[in-house]
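1. Mind looking at a prediction? Sequence and model below.
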Amino acid sequence: MKRSWPGPRDKARKVALRPEHHLIVTEGTKTEPLYFEEIRQRVNAEHRGDWVTVDVRGVGMNTLSLLAHAQALAKSSARGYTHVWVVYDRDSFAAENFNAVAAACEAEDAGGARFHAIWSNECFELWYLLHFEYLQADLSRCMYGPKLDAHLAKMGAGPYHKSTPGMFALLEPRLDVALANARKLEDRNAGKTPEASRPGTMVHKLIEHLRPFMGKGGGVA
């Protein structure tokens, strides 16, 4: 009697799922942790702390010291991380340090974790603005707040503050717009260093990776 080949369903059952444990380490202690905490809650609730987990740390460090702290956290984790996301802004830091973090993340391997440089130039609020418009002008960071206030006012929200909670949920209906605008900026900045990418952001890379794990409201774009 011939042995039948396994069908598609049989093959699917035999594929072992690879767990993903994510660590998000942010330069800021207010804006970024509040935003990513919403995502952490969504992902962890959906997967009940089993196959996919997210940890968020807002550490108040910058560029190279932030990366060193992220490396230490990854190496000291008993469970281990598959992805470490280092979130930082351009601010007024030296260009070589801003660029060096991105280069170091490419080469880093802390216990098998893959490191990602999630930089924003000038600041994280650029990601918020991309939910409303494709911004390619090199604006001073002090101009981002008023622009956000104007957009949020049209939604019946605001004014914007760095400690404003609930920004992910508030902006989620426009997430596809933000992702598309961020990708356009990434294409526009192709071949440039992070410091020369003004404006520019890599936040969409983190969102794209985690979005399928968010459950309700977090479908793939």
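-> Good, I have the coordinates. Values in this document were obtained by computation on a predicted structure and should not be read as measured data. Numbering: from 1, shown residues only.
2. and Tyr144, what does it touch?
-> By C-beta atoms under 8 Å, 6 or more residues apart in numbering, Tyr144 lies in contact with 122-123, 125-126, 128-129. All C-beta atoms are positioned from the backbone trio N, CA, C, and that covers glycine.
3. Tell me which of those fall in strands.
-> Judged by DSSP state E, the contacts of Tyr144 include no members of strands.
4. Out of those residues, which is nearest to Arg48?
-> Ranked by distance to Arg48 (C-beta to C-beta), the contacts of Tyr144 are led by Tyr128 at 30.0 Å.
5. wait, what's in contact with the closest one?
-> Going by C-beta under 8 Å, 6+ apart, the list of residues near Tyr128 reads 144, 148, 160, 167, 171.
6. where does the protein dip in pLDDT?
-> Scanning the chain for pLDDT under 70 picks out 1-18, 49-50, 92, 109-111, 216-221.
7. Specify the local secondary structure of His21.
-> strand (DSSP: H, G, I helix; E, B strand; the rest coil).
8. Including distance to His22, could the contacts of Tyr128 go into a markdown table?
-> Listed next are the contacts of Tyr128 as a markdown table, based on distance: C-beta to C-beta, whole Å:
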| residue | distance to His22 |
| --- | --- |
| Tyr144 | 27 |
| Leu148 | 27 |
| Tyr160 | 27 |
| Met167 | 19 |
| Leu171 | 21 |
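9. biggest separation within those residues, which pair?
-> Maximum pairwise distance among the contacts of Tyr128 (C-beta to C-beta): 14.3 Å, between Tyr144 and Leu171.
10. one step back: the contacts of Tyr128 in helices, which ones?
-> Secondary structure from DSSP state H places 144, 148, 167, 171 of the contacts of Tyr128 in helices.
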